[in-house]
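Engineer: Here you go, sequence then predicted model.
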Amino acid sequence: MASVSATATGLSLGSVSIAVSRPGRAARPRRCPCLASLARSLRPSARPWRRNSRHAHRAMTDSTRPLPLALVEAAEQEGRTAWLATLPGTVARLARAWSLSVEAPFQPGGQTAWVAPVRDRAGAELVLKIGWAHPEAIDEADGLGVWSGHGAVRVHAAEQTHDTSALLLERCRPGTPLAARPEPEQDEVLAGLLGGLWVQPPAGHTFRPLQVMVDQWAEEFRQQLAAEPGLLDSGLAREGIALFQRLPSSADRQVLLATDAHAGNVLAAQREPWLLIDPKPYVGDPAYDALQHLLNCAERLHADPTALADRMAGLLEGVDRVRLRRWLFARCVLEAPGDPALADVALRIPID
């Protein structure tokens, strides 16, 4: 949660996602020679997968398109280079299984997934997303299935193994990110999308409660401060983390959340004007879902965090403005070890 990073969404050429990373995550290291060599060795080939009478599909061979740099660097940081080496085989296997013609991956790419445009046997444009398994994205396919294309991209196929998540997704055209639009417009679009996404999860669902994620982040925060006690005022830290962990249980309604809804994860489309991508579904307090967008609106956040929170609460149906202020205060405290200016932001947010 501490640092801000830019990553390609993968559902449209040039789409950019701005995301605040989780607490305790180290700064991205300089790219090392071994990873540069691995990226070259795993470059896709010049021929796309094409169906013919003798061979179902072939790997593409465009030597000018190496693996996405963001993915290669993140693999080193996360200790996933062995997983990265299995990627060409996984792409080839899924291309055969799902009858896909696969093009070059999007550049610069995301940090946890290889994403490329594909066509199915009927010629429909889709997106293949193959990522390493990580807890926050476990339920992406199930969440998209519940939303069934209403406000979010459709999922056409999915596969989950112990270390890999693969999704075959609707492709957005033109795919321009909402982040390219002025922030006041972003506020309105996101509020409209979230209002439609906040549905009751189906009976017997297996989505995790928001409390699970909150408790995990709180523990990481405490470990970070224990290792570096001078990072943040201890009183502010105690107040912020206590509120952060109390808020989920005090919500008056529980809905399916995206938890990573921000302007970089919303793309212009034809079926609907805007569609959400890359959700990380949990069930919990709808007020939480506004936070990632608020944190990404850095200039307005630092200038007047209360006005920003109140504006967003006014656009979101059923979201209490004081409750959203409390969430924003707590989340700013959680981010502050990596971005000390957010401690000052937190102190300027009235929460009573």
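Structural biologist: Structure's in. What do you need?
Engineer: Look up the residues forming beta bridges with Val115.
Structural biologist: Lys129 (DSSP bridges).
Engineer: Against Gly79, how distant is it?
Structural biologist: Applying C-beta to C-beta, to the nearest Å, the value for Val115 to Gly79 is 21 Å. For glycine as for every other residue, the C-beta is placed from the backbone atoms N, C-alpha and C.
Engineer: Give me the more crowded residue out of the two.
Structural biologist: Val115 (26 against 8; other C-beta atoms under 10 Å).
Engineer: Just confirm the more buried one contacts Gly109, I think it does.
Structural biologist: Yes - at 6.7 Å, Val115 counts as touching Gly109 under the criterion of C-beta atoms under 8 Å.
Engineer: can you give me the helices for the stretch 151-300 of the chain?
Structural biologist: 183-197, 210-227, 234-246, 291-296, 298-303 (DSSP state H, counting those that start in this stretch).
Engineer: which helices and strands sit right next to the first one?
Structural biologist: The one in question is helix 183-197. Contacts defined by 3 or more C-beta pairs under 8 Å, 6 or more residues apart in numbering; DSSP states H and E place helix 183-197 against strand 266-268, strand 274-276, helix 291-296, helix 305-315.
Engineer: Nearest to His156, out of the helices of the stretch 151-300 of the chain?
Structural biologist: helix 183-197 (19.2 Å; C-beta to C-beta).
Engineer: residues of that closest one that come out buried?
Structural biologist: For helix 183-197, burial by neighbour count (16 or more other C-beta atoms under 10 Å) applies to Glu183, Gln186, Asp187, Val189, Leu190, Ala191, Gly192, Leu193, Leu194, Gly195, Leu197.
Engineer: The closest residue to the first one other than its chain neighbours: what's it in contact with?
Structural biologist: Leaving aside its sequence neighbours, Glu183 sits nearest to Cys297 (C-beta to C-beta, 6 or more residues apart in numbering; 5.4 Å). Contacts here follow C-beta atoms under 8 Å, 6 or more residues apart in numbering; on that basis Cys297 touches Glu183, Gln186, Leu308.
Engineer: For the first one, list the residues it contacts.
Structural biologist: Glu183 makes contact with Ala263, Cys297, Arg300, according to C-beta under 8 Å, 6+ apart.
Engineer: Over to the last one?
Structural biologist: Counting by C-beta under 8 Å, 6+ apart, Leu308 touches Leu294, Cys297, Arg300, Leu301.
Engineer: The last one: neighbour count?
Structural biologist: It refers to Leu301. 20.
Engineer: Now stretch 200-212: average pLDDT?
Structural biologist: The pLDDT scores in stretch 200-212 average 97.
Engineer: Likewise for stretch 327-340?
Structural biologist: On average, stretch 327-340 scores 98.
Engineer: buried residues in that stretch?
Structural biologist: 327-339.
Engineer: go on, stretch 313-331?
Structural biologist: Quick answer for stretch 313-331 (16+ other C-beta under 10 Å): 313, 315-316, 319, 321, 323-331.
Engineer: Cross those residues against helices and list the overlap.
Structural biologist: Among those, the members found in helices (DSSP state H) are Ala313, Leu315, Arg321, Arg323, Leu324, Arg325, Arg326, Trp327, Leu328, Phe329, Ala330, Arg331.
Engineer: Now the second one. Nearest residue, chain neighbours left out?
Structural biologist: With C-beta to C-beta, 6+ apart as the criterion, Leu315 has its nearest non-adjacent residue at 3.7 Å, and that residue is Ala191.
Engineer: ditto for the last one
Structural biologist: For Arg331, ignoring the flanking residues on the chain, the nearest one in space by C-beta to C-beta, 6+ apart is Leu291 at 5.2 Å.
Engineer: residues in contact with the one you found?
Structural biologist: Leu291 touches Trp327, Leu328, Arg331, counting by C-beta under 8 Å, 6+ apart.
Engineer: Please, where are all the strands along this protein?
Structural biologist: Applying DSSP state E to the chain gives strands spanning 4-8, 16-20, 101-102, 113-119, 125-132, 155-160, 164-170, 255-257, 266-268, 274-276, 282-284.
Engineer: Among these, which comes closest to Phe244?
Structural biologist: strand 282-284 (12.5 Å).
Engineer: contacts for that closest one?
Structural biologist: For strand 282-284, the external contacting residues (C-beta under 8 Å, 6+ apart) are 139, 201, 205, 207-213, 248, 251, 254-257, 259.
Engineer: What subset of those residues is buried?
Structural biologist: Among the contacts of strand 282-284, those buried by neighbour count (16+ other C-beta under 10 Å) are 139, 201, 207-208, 210-211, 213, 248, 251, 254-257, 259.
Engineer: Which pair in those residues has the greatest spatial separation?
Structural biologist: Asp139 and Ala251, at 18.9 Å, using C-beta to C-beta across those.
Engineer: Now for the nearest residue to Glu159 once chain neighbours are set aside, how many residues are close by?
Structural biologist: Of all residues not flanking Glu159 in the chain, Ala166 sits nearest, at 4.4 Å (C-beta to C-beta, 6+ apart). Neighbour count for Ala166, taken as other C-beta under 10 Å: 22.
Engineer: now do Gln200
Structural biologist: 12.
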